[in-house]
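Novice: Okay, predicted coordinates and the sequence, questions at the end:
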Amino acid sequence: MGEETIANDENVAKTKPSPKLTLLPLVFLIFYEVSGGPFGVEDSVKSGGGPLLALLGFLIFPLIWSIPEALITAELATSFPENGGYVVWISSAFGPFWGFQEGFWKWFSGVMDNALYPVLFLDYLKHSFPVLNHVAARVPALLVITFSLTYLNYRGLHIVGFSAVLLAVFSLCPFVVMALLAVPRIKPQRWLFVDFKKVNWRGYFNTMFWNLNYWDKASTLAGEVENPGETFPKALFGAVLLVMGSYLIPLMAGTGALRESSSDEWSDGYFAEVGMLIGGVWLKGWIQAAAAMSNLGLFEAEMSSDAFQLLGMSEIGMLPAFFGQRSKYGTPTISILCSATGVIFLSWLSFQEIIEFLNFLYALGMLLEFAAFVKLRIKKPDLNRPYRVPLNTFGTLLLCIPPSMLVILVMVLAAPKTFLISGVIIVIGFCLYPFLELVKEKRWVRFIPEEPRRQVFGVPTESQLDEEHGHESSASLLS
């Protein structure tokens, strides 16, 4: 064992020190974790029966969902500034069993989400290259895109961060132009139109939730952020403003400039048509190109978080040591390949199926995070919190109630198929944890040894968590 540790230290020494993420790249990485621009919000107009509910949704939902989630993420990510993010929070609050479940649900949800983006990228390109409608061309193109973007992740997180900045600027610029061109044509009364007979509440809430979630994803990169105690809260605040603006400004411009009856036409990709109606063919082409590039940014951000989450789980002994192996660029090679493989295998699912499945698993994980946030305030009042939500314990409980109700609503509205498949995934997670514990006990695969350094961040080792929680992990979740 000593020789293995020495060999591992030598490998670490050979690894190039990876540059830390600074404020601006982190803002745009969070932006791409959550949004990536207004692509995909068009359905909110159609499912909401007109512009009114769509605009109200993107004004109100951030208040009851995005801001509370961002505040909770800011406190917990700065309290536990290491890779693994929410896995570490849940483990500290409820023990390693539930920490592992959180990690499994969130990783699976993230990989499913990431499977959307190469497909959507090709969907935008096929308008200019019809050959991509054929399977013989589409499958190789899908693989080339996935492997190319995976390689970019392999080259370093700082490259991904600055790529996100450039992609976001390119993707948002056409909407700024569209909004300016739309100003003379806007009639504010059009924003008030709603036909309740056409409202599809299930589609409406799923669209809202999908477009405003994943604020906690960047926490899995906390160990790669420069001065996380100051950087994270600022980055989250900046990202909240950027996301809200990127949704509301294009929606107000498009729905205010076009006639009310066009609300039936609002579906995925419709902003390109809005651009043509407002600015002409050149603006439509620009928006299509921006949409395609935005999907690349979304893929990069999601892939980074998923991979570093696996690395973080490996560092705390939940996954075998090979998940924690870093390349010479400081990136988790095996974890990146594992996430990329999941993306390829899940890309055959339909758009709506993926959204429902990932929303359900993500919602389940968020309930655990809200519970952990409150419990850690009670259980560890003296925990070092570089950023602290300015509320007492009762206030934190009240903060978590509205988003928890929204999460439960999204889960209740899920289709029976979603309940079934999500149930299977949950059962797999319940079985996988004891299996990995057996593998660790028998030493069939090497796990990273527990390290005293984790006490610096107030995170007990896994064995200490087991002793603390004993066999009461399940019961503590309900208390």
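Specialist: Arrived safely.
Novice: only C-alpha atoms for contact and neighbour calcs from this point on.
Specialist: Noted.
Novice: quick one: the helices in the stretch 351-479 of the chain?
Specialist: The residue ranges that make up the helices of the stretch 351-479 of the chain, judged by DSSP state H, counting those that start in this stretch, are 351-379, 393-412, 416-442, 462-469, 473-478.
Novice: Return the most buried member of these.
Specialist: Among the helices of the stretch 351-479 of the chain, the stretch with the highest mean neighbour count (mean count of other C-alpha atoms under 10 Å) is helix 351-379, at a mean of 20.
Novice: which secondary structure elements does that helix contact?
Specialist: When contacts are defined as 3 or more C-alpha pairs under 8 Å, 6 or more residues apart in numbering; DSSP states H and E, helix 351-379 sits against helix 67-79, helix 86-94, helix 96-114, helix 201-211, helix 393-412, helix 416-442.
Novice: Just send those helices back as JSON lines, with distance to residue 140 too.
Specialist: JSON lines is the format used below for the helices and strands packed on helix 351-379 (distance: least, C-alpha to C-alpha, whole Å):
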{"stretch": "helix 67-79", "distance to residue 140": "38"}
{"stretch": "helix 86-94", "distance to residue 140": "35"}
{"stretch": "helix 96-114", "distance to residue 140": "18"}
{"stretch": "helix 201-211", "distance to residue 140": "28"}
{"stretch": "helix 393-412", "distance to residue 140": "35"}
{"stretch": "helix 416-442", "distance to residue 140": "28"}
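Novice: Please identify which of the ones you listed is closest to residue 373.
Specialist: For the helices and strands packed on helix 351-379, distance to residue 373 was read as C-alpha to C-alpha. The smallest value, 6.9 Å, belongs to helix 67-79.
Novice: mind saving the C-alpha coords of that closest one as PDB?
Specialist: What follows is helix 67-79, C-alpha atoms only, in PDB (Å, rounded to 0.1, in the frame of the first residue of the first chain):
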ATOM      1  CA  ILE A  67     -32.400  32.500  -6.100                       C
ATOM      2  CA  PRO A  68     -33.000  30.100  -3.100                       C
ATOM      3  CA  GLU A  69     -31.000  27.400  -4.900                       C
ATOM      4  CA  ALA A  70     -28.200  29.800  -5.700                       C
ATOM      5  CA  LEU A  71     -28.100  31.100  -2.100                       C
ATOM      6  CA  ILE A  72     -27.900  27.500  -0.700                       C
ATOM      7  CA  THR A  73     -25.200  26.600  -3.300                       C
ATOM      8  CA  ALA A  74     -23.200  29.700  -2.400                       C
ATOM      9  CA  GLU A  75     -23.200  28.800   1.400                       C
ATOM     10  CA  LEU A  76     -22.500  25.100   1.000                       C
ATOM     11  CA  ALA A  77     -20.000  25.300  -1.800                       C
ATOM     12  CA  THR A  78     -17.900  27.800   0.200                       C
ATOM     13  CA  SER A  79     -18.200  25.700   3.300                       C
END
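Novice: Mind putting the helices of the stretch 351-479 of the chain into CSV with distance to residue 173?
Specialist: Converted to CSV, the helices of the stretch 351-479 of the chain look like this (distance: least, C-alpha to C-alpha, whole Å):
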stretch, distance to residue 173
helix 351-379, 26
helix 393-412, 32
helix 416-442, 37
helix 462-469, 47
helix 473-478, 46
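Novice: picking up where we left off before, out of the helices and strands packed on helix 351-379, which gets the lowest mean score?
Specialist: Of all the helices and strands packed on helix 351-379, mean pLDDT reaches its minimum on helix 201-211 (a mean of 86).
Novice: Residue 339: what's it in contact with?
Specialist: Under the criterion of C-alpha atoms under 8 Å, 6 or more residues apart in numbering, the neighbours of residue 339 are 111, 303, 306, 307.
Novice: Could you tell me which of these belong to strands?
Specialist: Counting by DSSP state E, no part of the contacts of residue 339 is found in strands.
Novice: ok, these vs residue 73, which is closest?
Specialist: Compare each of these with residue 73 using C-alpha to C-alpha and the shortest gap goes to residue 306, at 16.4 Å.
Novice: wait, residue 107 sits on residue 306?
Specialist: Yes: using C-alpha atoms under 8 Å, residue 107 is in contact with residue 306, at 5.8 Å.
Novice: quick one, which of the two is more surrounded?
Specialist: Using other C-alpha atoms under 10 Å, the more surrounded residue of residue 107 and residue 306 is residue 306, with 29 against 25.
Novice: how near is that one to residue 326?
Specialist: Distance of residue 306 to residue 326, given as C-alpha to C-alpha, to the nearest Å: 15 Å.
Novice: Can you add distance to residue 87 and give the contacts of residue 339 back as CSV?
Specialist: Putting the contacts of residue 339 into CSV (distance: C-alpha to C-alpha, whole Å) gives the following:
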residue, distance to residue 87
111, 16
303, 17
306, 12
307, 13
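Novice: quick one: which of the residues you listed sit in helices?
Specialist: Judged by DSSP state H, the subset of the contacts of residue 339 located in helices is 111, 303, 306, 307.
Novice: and which of those is nearest residue 97?
Specialist: The closest of the ones in helices among the contacts of residue 339, once distances to residue 97 are taken by C-alpha to C-alpha, is residue 306, at 19.2 Å.
Novice: which ones are touching the closest one?
Specialist: 107, 110, 111, 220, 335, 336, 339.
Novice: what does residue 357 give?
Specialist: When the contact criterion is C-alpha under 8 Å, 6+ apart, the partners of residue 357 are 109, 112, 418, 421, 422.
Novice: try 10 Å
Specialist: Under the criterion of C-alpha atoms under 10 Å, 6 or more residues apart in numbering, the neighbours of residue 357 are 108-109, 112-113, 363, 411, 414-415, 417-422.
Novice: so where's the stretch 151-300 of the chain shaky on pLDDT?
Specialist: 157-158, 260-261 (pLDDT under 70).
Novice: Phi first, then psi, for residue 21.
Specialist: Torsion angles at residue 21 (phi, psi; degrees, to the nearest 10) stand at phi -70, psi 130.
Novice: Distance check, the nearest residue to it once chain neighbours are set aside against residue 83.
Specialist: Nearest in space to residue 21, with sequence neighbours left out and distances taken as C-alpha to C-alpha, 6 or more residues apart in numbering, is residue 225 at 4.6 Å. The spacing between residue 225 and residue 83, counted by C-alpha to C-alpha, is 10 Å.
Novice: Between these two, which contacts overlap?
Specialist: Where contact means C-alpha under 10 Å, 6+ apart, the residues bridging residue 225 and residue 83 through contact with each are 218, 219.
Novice: Looking at those two, which is more packed in?
Specialist: Legend: neighbour count by other C-alpha under 10 Å for residue 225 and residue 83, higher for residue 83 (28 against 23).
Novice: Now for that one: which residues touch it?
Specialist: Contacts here follow C-alpha under 10 Å, 6+ apart; on that basis residue 83 touches 77, 218-225, 305, 307-316.
Novice: For it, pull up the helix or strand it's in.
Specialist: Residue 83 is part of no helix or strand when elements are defined by DSSP states H and E.
Novice: Quick one: mean pLDDT for stretch 25-43?
Specialist: Per-residue pLDDT values across stretch 25-43 average out to 87.
Novice: tell me how far it is from the chain's mean position?
Specialist: Relative to its parent chain, stretch 25-43 has a centroid offset of 10 Å by C-alpha atoms, centre = their mean, to the nearest Å.
Novice: Which positions within that stretch qualify as buried?
Specialist: For stretch 25-43, the buried set under the neighbour-count rule, 16 or more other C-alpha atoms under 10 Å, comprises 25-43.
Novice: so how far does it reach from one end to the other?
Specialist: When the termini of stretch 25-43 are compared using C-alpha to C-alpha, they are 29 Å apart.
Novice: now stretch 211-231
Specialist: Distance across stretch 211-231, first residue to last, is 24 Å (C-alpha to C-alpha).
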